[in-house]
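> Provided below are the primary sequence and the corresponding predicted coordinates.
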Amino acid sequence: MELRKFIATTIREYLNEQQIWKNSNTIFFNDDKGRIFFYGKDNVKYQLIDNNLPNRPIKIEIRLADSKNLNPVAMSEFDKNDDDTYSQTMTGKLIVSKKGAGLAKAIYDYFDNVYGKIKPSKNLTDDGEVFWNKNNMNEGTINDFKYDAVKNQLQKAINNNSLTLDDISPNKYFIVCFDLYNHHISTVSTTDKSEALKHIDYYKNIDDVWKIYVEKPNVDAIVFFRKEWGWVKK
């Protein structure tokens, strides 16, 4: 696997581990029969059904409150994680047939209120990533991400750097250089080929640098190694 892809995967896994649902404070209320209701962003009244059965995932459904149609307009299932948080089940993907009303947020807010903290599932779809990003826990950047936590997985290539997923996008030159002890020295990301070449030449003139790893846009990576007689490319 390319280092860029490996880092991107690791970043996403790290973010999933760090993220916790930020409750948006959906207002729920009960009728005299104990049924749970709330109003969506569309000012429509909805009923929330909590299906918590023994030895099964917890299923949360939302139906239109003033309708004879009992089919849910939103639904999700949750399982408990090893750290006592919860995540959407691998098979119980979040289903929302009526978008824009805040139904998915309502499910997560209710679950957070009643059962406990929620983390993203490991099978997030693109829509799922957007959903979590909008929860203001992750804006798609890694501003505070410290690679120390995963440096063994990254083969010590990245250490104490702040990157974004955009930095390692396939349309950029991604350059990592290492010292004699295979310790990471610096990472550069640029779309400009001439700038990338300048960085590579600059690093070649630093005595402590012995390896420069370069991933070019949409092509295979290349590696420059320092030898006694000069630099070689592989």
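Thanks, I have the structure now. Numbers count the residues shown, from 1 in each chain.
> Can you show me the strands along this protein?
Under the criterion DSSP state E, strands of the chain are mapped to 28-30, 36-39, 45-51, 58-64, 74-80, 86-88, 95-96, 141-142, 163-164, 173-179, 184-190, 209-215, 222-227, 230-233.
> for the fourth one, packing partners?
In this case it means strand 58-64. strand 45-51, strand 74-80, helix 103-114 (3 or more C-beta pairs under 8 Å, 6 or more residues apart in numbering; DSSP states H and E). Glycine gets a C-beta too; all of them are placed from N, C-alpha and C.
> quick one: which of these is nearest residue 122?
Closest to residue 122 of the helices and strands packed on strand 58-64 is strand 74-80 (C-beta to C-beta; 11.4 Å).
> residue ranges with poor pLDDT in this protein?
1-18, 90-94, 133, 136-168, 180-185, 218-219 (pLDDT under 70).
> Domain ranges for it, per the record?
Following automatic domain parsing, one gets these domains for the chain: 3-9+142-233, 20-133.
> can you redo the ones you listed as TSV with mean neighbour count?
Shown next, in TSV, are the domains of the chain (neighbours: other C-beta atoms under 10 Å):
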stretch	mean neighbour count
domain 3-9+142-233	15
domain 20-133	16
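> re earlier: I'd like the helices and strands packed on strand 58-64 laid out as JSON lines, including distance to residue 125.
Below are those laid out as JSON lines (distance: least, C-beta to C-beta, whole Å):
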{"stretch": "strand 45-51", "distance to residue 125": "23"}
{"stretch": "strand 74-80", "distance to residue 125": "13"}
{"stretch": "helix 103-114", "distance to residue 125": "12"}
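> Ok, which of these comes nearest residue 129?
Among those, if distance is taken as C-beta to C-beta, the winner is helix 103-114, at 13.2 Å.
> between the closest one and strand 74-80, how big is the angle?
Computed with axes from the mean of the first three to the mean of the last three C-alpha atoms, to 10 degrees, the direction of helix 103-114 lies at 40 degrees from that of strand 74-80.
> Show me what helix 103-114 packs onto, helices and strands only.
strand 28-30, strand 45-51, strand 58-64, strand 74-80.
> Dig out what the nearest residue to residue 52 once chain neighbours are set aside forms beta bridges with.
Spatial nearest neighbour of residue 52, excluding adjacent residues (C-beta to C-beta, 6 or more residues apart in numbering): residue 58 at 4.9 Å. Note on residue 58: beta-bridge partners residue 78, judged by DSSP bridges.
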